[in-house]
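In: Mind folding the following:
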Amino acid sequence: MEYQPLITREDIARYKQLSKSAYDDKLKEQILDAQLLDLQPLIGESLYKKITENPQGNASLLDYGTYTHDGIEYINYGLKMVLAYFAYARYVYFGSYIDTAFSMVEKLNDNSRPADALAKKNIYAQNREAAMQLWGNVKNYLTRTAHPDYKPCGHRAPGKGFHIKKLG
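Out: Have a look, this model is predicted:
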């Protein structure tokens, strides 16, 4: 089974400025990485599998909407918005690197200056932080509605890098 993106360029463009000339294959790669590496650890393997096998049947979880819990109306931003921020962060940080027959290169343009690595890293971190804040909203939806396939125990948020700990 080939993994299919849960979001499109248009979904990301609803929230973030995204060039129409960007490489679709590179963007698809970043979307799939965000799904597997950022979203799946948050929602768990079982729920992730159900969503990817039947996105239309999980529209209330994927899309923006409202719901009522204990007589109060809430907003669910939806996993598409969370995923859009994660994918955009990855696209900004990793999107300009292209594998060629000669080596890995950074795609540059004669008429512009590429953003430096620190700027890209900051944009990456800010968008991941925003994605995690949006995830908190979706997590509330899953918890309040007692979604049968969401098991919050043992699911960690995607890391912000690696940490070395001295033992002994």
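In: Every contact and neighbour count from this point should use C-alpha atoms.
Out: Fine.
In: what helix or strand is the closest residue in space to Ala34 that isn't next to it in sequence on?
Out: In this structure, Ala34 finds its nearest non-sequential neighbour in Ala87, 5.3 Å apart by Cα to Cα, 6 or more residues apart in numbering. Element membership for Ala87 (DSSP states H and E) is helix 79-94.
In: thinking again about what came up before, would you mind measuring from the residue nearest to Ala34 to Thr66?
Out: 24 Å (Cα to Cα, to the nearest Å).
In: Repeat that for Lys26.
Out: Counting by Cα to Cα, the gap from Lys26 to Thr66 is 33 Å.
In: Who has more neighbours out of Ala87 and Thr66?
Out: Taking neighbours as other Cα atoms under 10 Å, Ala87 and Thr66 compare with Ala87 leading, 29 against 13.
In: Show the contacting residues for that one.
Out: Ile12, Leu27, Gln30, Ile31, Asp33, Ala34 (Cα atoms under 8 Å, 6 or more residues apart in numbering).
In: And the furthest pair within those residues?
Out: Spanning the widest gap among the contacts of Ala87 are Ile12 and Asp33, at 14.6 Å by Cα to Cα.
In: Which residue of those two possesses the greater neighbour count?
Out: Remark: of Ile12 and Asp33, Ile12 carries more neighbours, 21 against 17, as counted by other Cα under 10 Å.
In: just checking, that one touches Leu18?
Out: Yes - the criterion here is Cα atoms under 8 Å, and Ile12 meets it with Leu18 at 7.4 Å.
In: ranges for the strands of this structure?
Out: 65-69, 72-76, 97-99, 104-106 (DSSP state E).
In: what's the burial count for Tyr124?
Out: 22.
In: For it, which non-adjacent residue is spatially closest?
Out: Nearest one to Tyr124, counting by Cα to Cα, 6+ apart, is Ala89 at 4.3 Å.
In: Can you get me a residue count around that neighbour?
Out: 27.
In: now do the one 5 residues further on
Out: For Phe94, the tally of surrounding residues (other Cα under 10 Å) stands at 17.
In: related to what we said a few turns ago, inside helices: which ones of the contacts of Ala87?
Out: Ile12, Leu27, Gln30, Ile31, Asp33 (DSSP state H).
In: Wait, the third one touches Tyr91, no?
Out: Yes - taking Cα under 8 Å as the definition, Gln30 is a contact partner of Tyr91 at 5.7 Å.
In: helices or strands up against the longest helix belonging to the chain?
Out: Ranked by residue count under DSSP H, the longest helix found in the chain is helix 117-144. Contact here means 3 or more Cα pairs under 8 Å, 6 or more residues apart in numbering; DSSP states H and E; on that basis helix 117-144 packs against strand 72-76, helix 79-94.
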